[in-house]
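Visitor: I would like the atomic coordinates for the input below:
(one chain, ligands or ions: 1)
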Amino acid sequence: MAKALNILIAGAGPTGLTAALELARRGVIATVIERRKTPSPFSRAVGITTRSLQLLNPSGVADRLIAEGVTVRKARLYRGERRLLTIPFQSETAFFPHILALPQDRTERALADAFRALGGEVRYDLALESAAPDPEGVNVRLTDGVEARFDHLIGADGVHSLTRKAAEVAYHGHDLPGKWAIADVDAEDWPHPTAFTATLGAPGKIAVVVPIGVKRYRVISNTPDALKALAMPLEVTNIRRAAAFTISVRQAGRYSTGRIHLAGDAAHCHSPVGGRGMNLGISDAAELARRLVEGGLDDYSPLREKEGRETIAATERARKLVTAPGPARRALFTTAASLIDRIGPLKRRIGRFAVEA
Ligand SMILES: Cc1cc2nc3c(=O)[nH]c(=O)nc-3n(C[C@H](O)[C@H](O)[C@H](O)COP(=O)(O)OP(=O)(O)OC[C@H]3O[C@@H](n4cnc5c(N)ncnc54)[C@H](O)[C@@H]3O)c2cc1C
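Guide: Numbers count the residues shown, from 1 in each chain. Okay, the predicted model is just below:
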């Protein structure tokens, strides 16, 4: 009988939890350690794509996310208060025909519950301190002083990944200038409770409102104050959280070094335009778990590195388009958006592409 795989996952964000769940579904209960003392309370990523839902369907997690989330059916683009473009998020062939919005802490809770139901448990307040790979496995030391050996180590420990550093993998890229900001708010009478609403304000500045619950919204902007950047009135009754942060665009040079594997933000990060970050991590994790159990591990790094590179490039193209500061490019963008709005088949094609991407 084959020896059972002994796998350590560092990090219980959406990537680590997906890897744990997908391994557990295949009969491998990994050891999952998380530096935080408790599950994260932060809403962070809010958009869930049809691809992620399809991957999380066999475990039953997709049904729970769909039941808890907001179904987003449209994207609307405004310049000030003038509507330029409405794109329908609709695909007849996608697993989930629209886009789903749910705060990340709720997604993580659903993943952790499903992992627990299969016999797994996240060990909080315990972090990876060092890792040394050899051809047969990985020796690790944890913050409780324990030294142990595992067949594989999955680094799902985010942008500052210690796993990545232990594997001596470079994180190539750059930081974007300026601050971005989010605000999670309760608001009354917002007219678009099931749409992404983007408003173009000052040159190069954009703010997007995403519904994340009943009368609850995420506002995100490439300015230090998301609510001030919104170029139309939002009647805020409560600010649940507001934060400003810088954005980096980076990717690991390789995703596997012997038996150490990187996934999620440990392997890539980029701007939130398009909402792909968490979803890319979920895809990495599902693919890695499958290949660890079913074989084909050698292809994990090249395949996911390519997917990550293409996603980062597409995200950067979209970011540059919507944040173009020059008056000429902005005028061109505004004219093009108004024109597209009059061409039904083109709008539907763009919307279908956004759902299926
Ligand atoms: C404010 C904000 C808004 C965002 N908005 C969006 C959005 O709208 N759409 C989108 O797609 N993405 C968004 N993101 C990005 C998204 O949150 C990340 O892409 C996603 O969380 C990546 O998941 P992950 O599991 O790879 O990493 P993380 O969620 O960062 O999880 C890594 C985990 O590893 C733990 N850890 C770290 N070091 C160790 C160690 N040595 N040992 C054990 N555990 C360790 C950390 O505590 C953490 O819990 C946002 C991020 C932020 C900060």
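Visitor: Ramachandran coordinates for the residue in the stretch 1-150 of the chain that the ligand sits nearest to?
Guide: Of all residues in the stretch 1-150 of the chain, Gly13 sits closest to the ligand, at 2.3 Å by Cβ to the nearest ligand atom. Every C-beta, even on glycine, is put in place using the N, C-alpha and C of the backbone. With angles defined as degrees, to the nearest 10, Gly13 sits at phi -80, psi -170.
Visitor: Grab the nearest non-local neighbour of Glu129.
Guide: Closest residue in space to Glu129, ignoring its immediate chain neighbours: Arg141 at 4.7 Å, by Cβ to Cβ, 6 or more residues apart in numbering.
Visitor: show me what contacts the one you found?
Guide: Going by Cβ atoms under 8 Å, 6 or more residues apart in numbering, Arg141 touches 128-131, 147.
Visitor: Against which helices or strands is the biggest helix by length in the chain packed?
Guide: If you go by DSSP state H, the chain has its longest helix at helix 300-322. If contacts are counted by 3 or more Cβ pairs under 8 Å, 6 or more residues apart in numbering; DSSP states H and E, helix 300-322 sits against strand 248-252, strand 268-269, helix 277-294.
Visitor: following that helix, which helix or strand comes up?
Guide: helix 327-341 (DSSP states H and E).
Visitor: buried sites along that following helix?
Guide: Applying a neighbour-count criterion of 16 or more other Cβ atoms under 10 Å, one finds 330, 333-334, 337, 340-341 buried in helix 327-341.
Visitor: Check these against Gly295 and report the nearest one.
Guide: Proximity of those to Gly295 (Cβ to Cβ) peaks at Ile340, which lies at 45.2 Å.
Visitor: Wait, the closest one touches Ile350, no?
Guide: Yes - with contact defined as Cβ atoms under 8 Å, Ile340 reaches Ile350; the gap is 7.2 Å.
Visitor: ranges for the helices of the stretch 1-150 of the chain?
Guide: For the stretch 1-150 of the chain, the helices defined by DSSP state H, counting those that start in this stretch cover 14-25, 50-55, 61-68, 104-117.
Visitor: Just name whatever secondary elements the longest one is in contact with.
Guide: Same thing as helix 104-117. By 3+ Cβ pairs under 8 Å, 6+ apart, helix 104-117 packs against helix 14-25, helix 61-68.
Visitor: Recalculate using a threshold of 10 Å.
Guide: Packing contacts for helix 104-117, counted by 3 or more Cβ pairs under 10 Å, 6 or more residues apart in numbering; DSSP states H and E, involve helix 14-25, strand 31-34, strand 47-48, helix 61-68, strand 122-124, strand 206-213, helix 277-294.
Visitor: Kindly report the same for the second one.
Guide: When contacts are defined as 3+ Cβ pairs under 10 Å, 6+ apart, helix 50-55 packs onto helix 14-25, helix 61-68, strand 99-101, helix 277-294, helix 344-356.
Visitor: Show the contacting residues for Ser248.
Guide: By Cβ atoms under 10 Å, 6 or more residues apart in numbering, the residues touching Ser248 are 159, 171, 173-176, 265, 269-271.
Visitor: who's in contact with the residue in the stretch 201-350 of the chain that the ligand sits nearest to?
Guide: Closest residue of the stretch 201-350 of the chain to the ligand, Cβ to the nearest ligand atom: Gly264 (2.2 Å). Residues near Gly264 by Cβ under 10 Å, 6+ apart: 11, 13-16, 18-19, 154-159, 161, 277-278, 280-285, 288.
Visitor: Give the ChimeraX command for selecting the buried subset of those.
Guide: In ChimeraX syntax, the buried subset of these is picked out as below (16+ other Cβ under 10 Å):
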select :11,13,14,15,16,18,19,154,155,156,157,158,161,277,278,280,281,282,283,284,285,288
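Visitor: Would you mind finding the most buried of the helices of the stretch 1-150 of the chain?
Guide: Mean neighbours per residue, mean count of other Cβ atoms under 10 Å, is largest over these for helix 14-25, with a mean of 29.
Visitor: Can you give the domain ranges for this protein?
Guide: If you go by automatic domain parsing, the domain ranges for the chain are 7-44+104-175+249-319, 47-102+177-246+324-357.
Visitor: Check the gap between the closest residue to the ligand within the stretch 51-200 of the chain and Ala244 for me.
Guide: Residue of the stretch 51-200 of the chain nearest the ligand, by Cβ to the nearest ligand atom: Gly158 (3.0 Å). Note on Gly158: its distance to Ala244, by Cβ to Cβ, to the nearest Å, is 19 Å.
Visitor: for Arg216, same thing?
Guide: To Ala244, Arg216 is 20 Å away according to Cβ to Cβ.
Visitor: Can you pick out the residue with more neighbours from those two?
Guide: Applying other Cβ atoms under 10 Å to Arg216 and Ala244 shows that Arg216 carries more neighbours, namely 20 against 15.
Visitor: residues touching the closest residue in space to that one that isn't next to it in sequence, list them.
Guide: Spatial nearest neighbour of Arg216, excluding adjacent residues (Cβ to Cβ, 6+ apart): Asp186 at 5.6 Å. Counting by Cβ under 10 Å, 6+ apart, Asp186 touches 213-217, 235-240.
Visitor: ok, 8 Å please
Guide: Taking Cβ under 8 Å, 6+ apart, we find Asp186 in contact with 215-217, 236-238, 240.
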